[in-house]
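Q: Prediction below, plus the sequence it came from.
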Amino acid sequence: MSVRTLSVEAVSKVGAEVTIKGWVNARRNMGKIVFLDIRDRAGTIQTVGVPSQMTPESVERLKEVRLEWVLELKGAVQERGAKQKNPNSPTGAVELLIKELKVLAKAEPLPLDLEDEKIGLGIHLDYLPITLRSEKYRALFKIQAEIVRGFRDYLNAQGFTEIQAPKIVAAAAEGGADVFEVKYLKNKATLAQSPQFYKQIMVGVFERVFAVGNCFRAEQHATTRHLNEFTGLDLEFGMIEDHHDVMNLETELLRHILNHLDKTVSSELKLWSYIRPELPEKIPYFKLREVQELIKKETGVDHTNEPDLEPGEEKWLGNYVQEKHHSDFVFITHYPTAKRPMYTYPDEADPEFTKSFDLLFRGVEITSGGQRFNDYNQLVQSMKNKGLNPEDFKFYLESFQYGMPPEGGLGLGLERLTARLLGVDNVKEATLFPRDLNRIDLQLSPPEYKQ
RNA sequence: GGGUCGGUAGAUCAACUUGGUUAGAUCGUCUCCCUGUCACGGAGAAGGUUGCGGGUUCGAGUCCCGUCCGACCCGCCA
């Protein structure tokens, strides 16, 4: 009989003869007897090697075993003595008495301590293939996977259809300069900075759509919240009244995700400094100019003519709404029309400003969204106002020529959401394999490779 | 792209302020001891061209210049 998982249920059958396979998570050599903590996808269990109970070959093999070796162990599950139970482990009441030990893979000595909290970010990133094995990082990326699942579950339940947006796109993009060129293709192509055009086109097909996918930004930034490749959680839907429909949807979407995390990864959340975010019935929202007036009134800093908030002001506002409104989230609406992309819908009452919004979570921007132009002629005019040539966007414009309902949507940064949720300072720590200016899997020019 | 701080064993740091003999500590690694540990414990050992290049000096980890690398801040954004 073979146990295929170290889940509590599977290893708790005292007396059962089982075979388990896993990595050596810890090794405690007491001289004659040796304890090995074995880890697999579902958990860990203590195993104990007593020479008199093992085959002679297994006794010899056990002496060689080190951390991260992969073993196949055959033995009997036994209840531990009263003084030997470990209340800190879910499998702490039992252990496996080893009879046979087979080595499936050896491992070199580790270059660092996997559970050491003080490893520098640069070293952590250089050794990701092994540092990701630590309990904390396994938990982090399990949580991230459940955020994505929560996103999908909620939107599917609301009648959204998941789409796969292309990542190789035509050169004429939303913004302009900040894209990676794809030189291989004859017609000039770039990597997509977002699925924006394609999710809008697909509103004309499915009415409600969402996409989970990589977004590429060719920007020379070096901050704790930027990446050259990140995961966009995007959605777009038709038949809306205005941007408030999008904001309300995001509020309920976030509520679902938080509840989902409580249900699925509560023990993983405890490994990080997770404080459940305060999410009121209605997330407070302010117009950009209102926030700037507020900042002027409260702090004396006059930025009432700036087109956006500075990162320091975003942090200030995050604290402010936390205290005054008991919310870790705040929407800022009505960014200047001049600063927003050409598809952004202006407020009819004040066309200098848009029916767009950003969502700040604990002082960091995690979402941009809003209502979009759905009228073909207005959209073409907006392109011209921005100095863009509608000819370059013919393909995109087809969907607006042939019947596009009032629509809007948003994009949510998965890594930023994860980082803020868990109290992680640098977004790269919340990214499985972060890409930035100087690093793709390793430093691009490590000192030892020079010359 | 602009700015700030930093780079010393495999990891995390000390020595730098005020230049001075053999650059220390903890964890890890290796060897030995240990039958109830769970961050096991005990004894011992190995491990460094102080990122790299140049300069000042009788003497540089320490001071100066250059260079590479990293972290952070700004612009921009999710």
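A: On my side now, so go ahead. Residues are numbered from 1 along each chain as shown, chains lettered A, B, ... in the order given.

Q: Any stretches of chain A with poor pLDDT?
A: For chain A, the stretches with pLDDT under 70 are A:1-4, A:7-9, A:172-177, A:187, A:443-451.

Q: Domain ranges for it, per the record?
A: Per the record, chain A has its domains at A:7-105, A:122-443, by automatic domain parsing.

Q: in the stretch 151-300 of chain A, what residue is nearest RNA strand B?
A: A:H221 (2.9 Å; Cβ to the nearest atom of the strand). For the C-beta atoms, the positions are set from N, CA and C on the backbone; glycine is no exception.

Q: got the residue ranges for the helices in chain A?
A: With DSSP state H as the criterion, chain A has helices at A:8-11, A:56-64, A:121-126, A:128-131, A:135-157, A:196-206, A:243-264, A:266-270, A:288-299, A:311-325, A:376-385, A:394-401, A:414-422.

Q: Show residues contacting the second one.
A: The reference is to helix A:56-64. Applying Cβ atoms under 8 Å, 6 or more residues apart in numbering, the external contacts of helix A:56-64 come out as A:34, A:36, A:49, A:51, A:54, A:98-103.

Q: Swap in 10 Å and give it another go.
A: Contact with helix A:56-64 is made by A:27, A:29, A:33-34, A:36, A:47, A:49-55, A:69, A:71, A:73-75, A:98-103, A:106, as judged by Cβ atoms under 10 Å, 6 or more residues apart in numbering.

Q: Skipping adjacent residues, who's closest to A:L254 in space?
A: Leaving out its chain neighbours, the residue that sits closest to A:L254 by Cβ to Cβ, 6 or more residues apart in numbering is A:L279, at 6.0 Å.

Q: OK, contacts around that neighbour?
A: A:251-252, A:254-255, A:257-259, A:326-329, A:361.

Q: Ramachandran coordinates for it?
A: The phi/psi pair for A:L279 (degrees, to the nearest 10) reads phi -130, psi 100.

Q: The one 5 residues further on now?
A: Recorded main-chain torsions at A:P284 are phi -60, psi 140, according to degrees, to the nearest 10.

Q: doesn't A:E323 make contact with it?
A: No: with contacts counted by Cβ atoms under 10 Å, A:P284 stays clear of A:E323, the gap being 11.6 Å.

Q: Check the stretch 301-450 of chain A for the residue nearest RNA strand B and tell me.
A: Relative to RNA strand B, the nearest point of the stretch 301-450 of chain A is A:N438 (2.8 Å; Cβ to the nearest atom of the strand).

Q: what's around A:H326, how many residues?
A: 11 (other Cβ atoms under 10 Å).

Q: Chain neighbours aside, what residue packs nearest to it?
A: In space, A:H326 is closest to A:E278, 5.2 Å off (Cβ to Cβ, 6+ apart).
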